[in-house]
Structure formats: structure tokens, C-alpha cells
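> build me a structure from this.
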Amino acid sequence: MARKNSRDEEKMNYPAELRRLKEEGPQRLYLLWGPEDYLREQYLAQLKKRCLPEGEDSFSYKRLDGPELDRQELVGAIDAVPFMTERSFVEIRDAELNRLKEPEKYMAVFSDIPEYCTVCLVQSAQFEPDGRLKLIKTLRSVARELKFTQQSQGMLIDWIIRRFAAAGKSVELEAAQRLMFISGDLMSRLIPEIEKIAAFAKGERVTAADVEAVANHIPEAVIFDMTDFISQKKYNTAASVLAELLADKNNEPIPMLAMLGLQMRKLYTARLAIERELGAKFVMEVCSIKHEFIAKKLINSARGFSLGQLRRAVALCAEADYKMKSSSLDGRELLKETVMRIAAGETDAER
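The predicted structure is shown next:
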């Protein structure tokens, strides 16, 4: 059976996994999961190509979809002998592995896959295996488990550069970093943004201004920018950002407040790092930040606040959260008041 992959790596080394597939060939059982669904699908395509070099056919390729995995159908698909190819390939999509009934029967099936068959369990980006379950433990002991994580800063920037090059554009480093910051670091989310920016940019080289003009801003990035404007004492700009957030009816106040509270906790950590000379690596580790340039940006923003102001800001967010969830007060007004009090520079000494 396939060797078990380490699940403790923070980031998957995707090129290394492709090399391993090429060198070792297909294994009998795979469990593919994790947030980076673009890489997951790319890997699945390469795996399928290795198993079925002539392409899919009804004899050698079977696909089972949905949360309820029919055991008899699964056994039938696995036992089907390949025709005109060396291997058969069974693709199982979005089976609810954490909730399968009679898991012992599935454990027996997955532990006894024929040499000629490759079974691939493909899970959605939201799936998280419950390591306490016997079925999951069994899968991890017999399957090649690959968690598709966001790529490292360097690898992702290289990929962004290649995507822009394919669209006939070069891109500034600052622009690539800004894109990762405001649109997130999932490749499937970045692809349409890159296409949109490449079509918009007038020159041959994409700038940060091009990115800022047309790329979709995820709410977390908008909250970050708003607090950064506050740290720079640009209160009118911060107020404009808040007004835009509140004007969008899709932005519910409770999730927005949760993002604000998380951002203030990160800024508090960054301020501690500044005062204790701990550096960006400490901030990345404590705040689960994946890219160093974002940690450095956070540290720079934290310089505009005192430790007392940030400690009070965290408390203000917690107080507003309690009020939103336990009273009939208007959530948008509470959020607005919280931001205003943070901007006013309240400290815990003023309570």
C-alpha cells in the first residue's frame, strides 16, 4: 500500500508531489483534500492521466458522487477489471467520510484494493477529516493523503507571474503582492482576477494601481486597509471605507465585527512583537499569517497604535459582539460606534 504522507507540513510542496507521482507511479488509494482546490484538480488530472493514458472510458473509469457512498456500488467499481489499459480508476467525489454508516465495512474495502486499481477520494475545500474516527485512521494508514494548502509566498508569486505572462503581461512584484493581499491566496480565486487585470491594464507591465482598480477586495483585506488608515491618522479615508462596507447589504455586521476583532488582536500581537523585538516570524506564527510581506505590513500598521490602545480596541470589539448577540440594538450602528471609538484612540486607562 502507499506510504502515508506527513499531515503536519504547513504547506504542500506541490512540485515535489508531482515528481513523486512520476517516479513512483499511481498508488492504490488517495485522499485529496484541503482549501487549494485548483491544485487539487490539477493533481487529480495528472493522476488520472497516469492511470488512464488513453483517456476515460466506461470500462476503466468509474465516478461516484455525493455524500452517501453506496458500498455495493463502490465494491463493483473497484472489482471491475480494466479493459485495454493496465489500471482502472475510481473517482469518489464529496463522500461524507466523517459520517458514513457502518464504517467498518468501508474500512475493509479500502484496505483491500486490487493492484490494478486506483481509488481517489476527492473532498471539497471545506472538508476536514476527523482524525478521531476509525475510518479516517484507517484511510491515513493505507492511503496517500494529500492536503492541498495555499502555496508559499515565493511559489505563489512565481505562479502569478507565469499567469500574467500567459496573458501577454509582465507584473511588478508590488502588484503581485497587492493582488495576493486584497483578493486572497487561493489560486482558483486569483485566476479570474488575473484575467480581469490583464485585460484592464493599458501597458505591458501590470502595476499595483491596475490591481487596485479592478481586483475584487475580500472583506478581510478591506478591514485591514481600514485599520491601517486609522493607524496613519487618515480618519476620513477610514470612514469612507467603513461606509462602503456598511452600504453593502451582503456584509452582515456580526461577521464584519468578527473580522475587525481578529484584526485588532493581530495588531496587538504585532505591537508586542515591536516592543519585544520579536520580528515578523513571531507574528506569522502567532497570527497564522502565511506570507511574510503581510506580517511586515501588519507590523508597520501596528506602529500607529500604542499597546494600551490596541488592548482597549480588542475589548471594544468583544463588548460590541456581546451587545450584537444579546440585544436588539442595530448591529451596523454598533459596528460604526466601535470603529469610531478605536479611531478616537481610547485606552484601557480611560475606562
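
> what about the strands in the stretch 101-250 of the chain?
117-122, 144-147, 170-171, 205-206 (DSSP state E, counting those that start in this stretch).

> low-confidence regions, the stretch 1-150 of the chain specifically.
For the stretch 1-150 of the chain, the stretches with pLDDT under 70 are 1-10.

> one step back: tell me which of the strands of the stretch 101-250 of the chain sits nearest to residue 276.
strand 144-147 (33.0 Å; Cβ to Cβ). Any C-beta I mention is one placed from the backbone N, CA and C, and that applies to glycine too.

> sheet partners, orientation included, of that closest one?
When pairing is defined by DSSP bridges, strand 144-147 lines up against strand 29-33 (parallel).

> returning to what we had before: rebuild the strands of the stretch 101-250 of the chain as a markdown table, extending it with distance to residue 128.
Below are the strands of the stretch 101-250 of the chain laid out as a markdown table (distance: least, Cβ to Cβ, whole Å):
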| stretch | distance to residue 128 |
| --- | --- |
| strand 117-122 | 14 |
| strand 144-147 | 10 |
| strand 170-171 | 34 |
| strand 205-206 | 36 |
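
> which of those sits closest to residue 268?
The nearest among those, by Cβ to Cβ, is strand 144-147 at 30.1 Å.

> sorry, back to before: dump the strands of the stretch 101-250 of the chain into JSON lines; add mean neighbour count as well.
Compiled in JSON lines, the strands of the stretch 101-250 of the chain are given as follows (neighbours: other Cβ atoms under 10 Å):
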{"stretch": "strand 117-122", "mean neighbour count": "23"}
{"stretch": "strand 144-147", "mean neighbour count": "22"}
{"stretch": "strand 170-171", "mean neighbour count": "20"}
{"stretch": "strand 205-206", "mean neighbour count": "18"}
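
> of those strands, which is nearest residue 190?
strand 170-171 (11.8 Å).

> what is the closest one packed up against?
Contact here means 3 or more Cβ pairs under 8 Å, 6 or more residues apart in numbering; DSSP states H and E; on that basis strand 170-171 packs against helix 153-166, strand 205-206.

> wait, which of the ones you listed is closest to residue 259?
That would be, of those and by Cβ to Cβ, helix 153-166, which comes in at 22.1 Å.

> dump the closest one to CSV, restricted to CA.
Taking Å, rounded to 0.1, in the frame of the first residue of the first chain, the C-alpha atoms of helix 153-166 are listed here in CSV:
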residue,chain,number,x,y,z
GLN,A,153,4.8,33.3,-0.9
GLY,A,154,7.6,32.7,-3.4
MET,A,155,5.9,29.9,-5.3
LEU,A,156,2.6,31.8,-5.5
ILE,A,157,4.3,34.9,-6.8
ASP,A,158,6.1,32.9,-9.4
TRP,A,159,2.8,31.3,-10.4
ILE,A,160,1.1,34.8,-10.7
ILE,A,161,4.0,36.0,-12.9
ARG,A,162,3.5,33.0,-15.2
ARG,A,163,-0.3,33.5,-15.4
PHE,A,164,0.2,37.1,-16.4
ALA,A,165,2.9,36.1,-18.9
ALA,A,166,0.4,33.7,-20.5
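
> pLDDT of it, averaged?
On average, the pLDDT along helix 153-166 is 94.

> give the contact list for residue 219.
245, 251, 255-256, 259 (Cβ atoms under 8 Å, 6 or more residues apart in numbering).

> need the max-distance pair from these.
245 and 255 (10.8 Å).

> nearest to residue 281, of the strands of the stretch 101-250 of the chain?
strand 144-147 (22.7 Å).

> I figured residue 338 hits residue 317, correct?
Yes. Counting by Cβ atoms under 8 Å, residue 338 does reach residue 317; the two are 6.2 Å apart.

> common neighbours of the two, please.
257, 260.

> which other residues reach stretch 189-200?
38, 160, 163-164, 167-169, 179-180, 183-184, 206, 210-211, 213-216.

> what do you get for stretch 234-248?
Looking at what lies outside stretch 234-248 - Cβ under 8 Å, 6+ apart - the contacts are 219, 222-223, 225-227, 229-230, 251, 256, 332, 335-336, 339, 343.

> one more time with 7 Å
Identification of contacts with stretch 234-248 by Cβ atoms under 7 Å, 6 or more residues apart in numbering yields 222, 225-226, 229-230, 251, 256, 332, 336, 339, 343.

> lowest-confidence one in the contacts of residue 219?
Lowest pLDDT among those: residue 251, 85.

> so that residue, which of the three states?
coil (DSSP: H, G, I helix; E, B strand; the rest coil).

> low-scoring stretches of the stretch 151-300 of the chain, by residue?
Using pLDDT under 70, nothing in the stretch 151-300 of the chain is flagged.

> I figured residue 67 hits residue 97, correct?
No. Using Cβ atoms under 7 Å, residue 67 is not in contact with residue 97, being 9.3 Å away.

> return the closest of the contacts of stretch 234-248 with respect to residue 136.
Distances from residue 136 to the contacts of stretch 234-248, taken by Cβ to Cβ, are shortest for residue 256, at 34.8 Å.

> ok, now which ones touch the closest one?
Counted by Cβ under 7 Å, 6+ apart, residue 256 has contacts 219, 245, 335.
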